[in-house]
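Trainee: Fold the following.
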Amino acid sequence: MELKDKIISELSKKPQTFKQLKKILALKSFNDSKNLDRILRKLWKEKVIFLKGKTQTYHLKNDEEVIGTFRATKNDYAFVETESYSVFIPARFVLNALDKDTVKVIVFPPREGDDPDRRAGKVVRVMQRNGSAIIGRIFKEDNKNKFKADDLIFKYEYKINGLEKYNDGDIIITKFIDFVDGIIYLKIVEMLGSSDDATLEPELIAYKFDLKTKFSDLSIKEIEKVKNQNISGRKDLSQRLIYTIDGEESKDLDDAVDILKLENGNYRLGVHIADVSHYVKQGTSLDEEAYERGTSVYLINTVFPMLPKELSNDLCSLNPNTKKLTMTCDMIINPKGEVIDTKIYESEIISKHRLTYVEVDDFYSEKISILRTKELSESLIEAKNLASILRNKKINHGMIDFSLAESKISLDDEGQVKEIYNKFQTLSERVIEDLMVVTNESVAKKLTSKKLPASFRVHPSPKKENLDNFINLSKSLGVTFLKNSSNIESEDFMNLLNENSQNKGIDILKRYMIQTMEKAFYKTEDLGHYALGVKNYLHFTSPIRRYPDLIVHRLIKKYFLDSNAEKNRKNCADDVSKLEIMNKHASEKERNAVQAERKLQDIKKARFMKKMIGEKLQGQIVSVLRFGFFVEFENLTQGLVTLESLKDDEYFYDESKFAIFGKQNKKTFKLGEVVNVKIISVDVVRGLIDLEAS
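Mentor: Here you go, the predicted structure:
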């Protein structure tokens with residue numbers, strides 16, 4: 001090996017000084033030193049290595065280039081999200097990137113001891129500007145109309161022609177033109193309306209998160225063509241006692257069930273899912289638009305569906321007393337909750353009853369003795385019994401049952417909040433969930449048993465550093481996690497919740513437990529679902545509102561029901577790369593939908609609390625951070641008390657105790673503590689509530 005190659009080899013292990021390289025390479029003579037210096041200079045000129053002045057160490061220049069999404073912060077620094085990790089971008093290296101732009105980044109080599117998931121770098125090129133609209137409001141300053149963007153950090157100057165014709169508070173939709181010398185040039189696309197009009201907020205969210213709200217004429221025309229397609233060869237299940245259980249307002253009914261207790265003590269569970277794949281074929285405009293959306297988005301009382309309502313609410317919806325095309329999964333389940341046989345096939349059903357969670361809960365709580373018919377009532381009892389068996393089995397195998405209240409918002413016709421209330425999952429909702437989970441698991445096993453790719457729903461185990469943080473946080477709530485973070489299993493979380501069910505901070509513990517978990521996503525390989533405690537899992541039961549379920553339906557037909565199924569299974573490797581792209585896209589669309597739904601909730605909550613500015617309320621500290629602490633009220637609305645707002649002393653944050661301490665008065669604000677606060681300001685646009693501790 002030449003000396004040049006030896007130098008590169010040594011520097012690839014770790015940085016070295018000139019003397020260290022001489023010693024490692026056993027270079028002793030004066031000429032050896034001269035030769036080493038010559039080669040180092042040459043490598044430096046060729047930009048293969050670089051020299052750090054302070055330490056006089058040579059480093060191998062192994063910067064990697066990645067492409068990712070630029071995420072601006074309220075400070076001058078930013079982050080770029082790549083497929084594998086997040087890159088920190090110092091303020092001097094952001095170039096002229098804006099939030100959500102696609103950028104190319106040079107990632108700096110990690111320093112010794114650095115977390116490989118926490119890298120730093122610099123933006124070297126904006127590959128593509130964020131195509132979504134930039135939304136803002138008109139405000140008057142010095143008798144002139146100016147523009148303030150809703151979500152972009154207000155640290156740039158905006159240049160927009162035609163602002164003078166609008167009124168104070170008007171909502172303006174703009175399109176990006178250019179960004180030069182710290183000035184963002186925009187073009188007005190539309191004036192949406194007044195900031196006072198709360199009915200516009202779902203549409204605003206659609207603009208901000210680039211949600212598709214309308215379907216093309218071509219897609220609607222395609223629906224007419226698929227209505228009369230051939231339906232021969234399906235199994236007729238019209239004689240079975242099949243029914244749906246959904247919310248009172250639900251219109252996209254995509255799952256129906258029937259249950260039969262067999263003489264040998266086993267259960268036959270039939271789960272019948274709308275056969276969307278029969279109507280939405282690959283390569284059609286309908287399919288392209290469903291793929292683009294990835295999921296239906298539920299914005300309180302507004303739905304932006306994945307499929308046109310002609311499909312989602314009618315043709316595919318399992319409405320009662322009408323023949324519907326379905327994919328059926330029949331499972332034989334023994335009294336231990338073990339699925340001993342699974343059959344999946346194309347079917348045709350007639351749902352006999354359209355039930356709601358409310359009426360089924362009334363039946364389960366014995367408010368009514370018979371629900372519609374004796375046969376239906378008996379079936380519902382068997383459904384409850386089977387669901388209980390399945391849930392107990394899952395909990396014994398490591399499922400984490402969080403049982404947390406959800407914040408629900410009721411709106412009037414003008415988009416104003418009538419009520420914010422807490423809702424827990426009811427018994428009937430748990431029953432349907434348990435029946436759907438076992439179906440998803442059974443279908444996943446069917447594909448995995450043949451080593452076939454699909455859109456599997458993967459939930460990885462938590463990272464060690466997140467577990468360490470959770471253990472420390474638990475201590476601050478008086479909860480001791482006896483296990484070390486390196487050997488915590490999902491059942492240990494469930495045991496912790498059961499043992500501390502009476503702790504006043506139990507809900508905080510549950511939420512931090514959820515935050516400790518990794519995000520679930522779709523992947524071609526079946527890697528298991530940590531929170532559910534199962535090795536095999538996917539989504540099969542909601543193809544009307546989730547694209548991955550539609551993919552799974554198509555794959556079941558291709559690999560098991562098609563006349564060329566055996567050949568298709570042998571050639572399944574051909575599907576992997578296409579599925580990987582679909583799964584990544586579906587995961588991104590799902591995250592975007594969740595963020596959109598949360599954002600509207602925050603806006604509506606802020607609008608509701610605005611009328612309480614100046615009022616004193618009591619709440620619980622649910623999060624303590626370096627800049628302040630969040631207080632949650634009874635309706636699950638949260639506000640922030642900043643460190644700067646605490647005027648009676650100098651306060652500091654103790655990260656290890658999740659608390660803020662006063663330097664002189666020794667006053668503390670600790671996680672889980674109940675405090676009195678006053679609402680001092682509300683930012684409806686950003687969904688933020690500022691509080692003052694009293």
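Trainee: what distance separates the host helix or strand of V631 from the centre of its chain?
Mentor: For V631, the host element (DSSP states H and E) is strand 628-632. Relative to its chain's centre, strand 628-632 lies at 23 Å (C-alpha atoms, centre = their mean, to the nearest Å).
Trainee: Need phi/psi at the nearest residue in space to N75 that is not next to it in sequence.
Mentor: Excluding the flanking residues, the one nearest N75 by C-beta to C-beta, 6 or more residues apart in numbering is A91, at 7.5 Å. Backbone N, C-alpha and C define where each C-beta goes, glycine included. Dihedral pair for A91: phi -50, psi -40, per degrees, to the nearest 10.
Trainee: all strands in the stretch 201-350 of the chain, in order from the N-terminus.
Mentor: Assigned strands in the stretch 201-350 of the chain, in chain order: 235-236, 243-246, 255-261, 267-274, 297-299, 302-304, 323-333, 339-350 (criterion: DSSP state E, counting those that start in this stretch).
Trainee: burial measure for R686, as a count.
Mentor: R686 has 12 neighbours, counted by other C-beta atoms under 10 Å.
Trainee: Report pLDDT for it.
Mentor: pLDDT recorded at R686 is 89.
Trainee: Pull out the buried residues from the longest helix anywhere in the chain.
Mentor: For the chain, the helix with the greatest residue count under DSSP state H is helix 573-610. Neighbour counts using 16 or more other C-beta atoms under 10 Å place 575, 579, 582-583, 585-587, 589-590, 592-593, 596-597, 599-609 of helix 573-610 among the buried residues.
Trainee: now do stretch 644-663
Mentor: Buried residues in stretch 644-663, counted by 16+ other C-beta under 10 Å: L646, Y651, Y653, K657, F658, A659, I660, F661.
Trainee: and the end-to-end length of it?
Mentor: Criterion C-alpha to C-alpha, to the nearest Å; first-to-last residue distance in stretch 644-663 is 14 Å.
Trainee: Pull the residues that contact it.
Mentor: Outside stretch 644-663, the residues that touch it by C-beta atoms under 8 Å, 6 or more residues apart in numbering are 472-473, 476, 624-626, 628-629, 643, 664-665, 667-671, 680, 690-693.
Trainee: Report the rounded mean pLDDT for that stretch.
Mentor: On average, stretch 644-663 scores 87.
Trainee: Which strands or helices does the least confident helix or strand in the chain by mean pLDDT pack on?
Mentor: Scoring the helices and strands of the chain by mean pLDDT, DSSP states H and E places strand 49-52 at the bottom, with a mean of 72. Secondary-structure packing of strand 49-52 (3 or more C-beta pairs under 8 Å, 6 or more residues apart in numbering; DSSP states H and E): helix 30-45, strand 57-60.
Trainee: Pull the strand holding V631 out as CSV, backbone CA atoms only.
Mentor: The C-alpha atoms that make up strand 628-632 are tabulated as CSV, following Å, rounded to 0.1, in the frame of the first residue of the first chain:
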residue,chain,number,x,y,z
GLY,A,628,-41.5,27.6,30.6
PHE,A,629,-44.3,25.1,31.3
PHE,A,630,-47.6,24.0,29.8
VAL,A,631,-50.8,24.0,31.9
GLU,A,632,-53.7,21.8,30.9
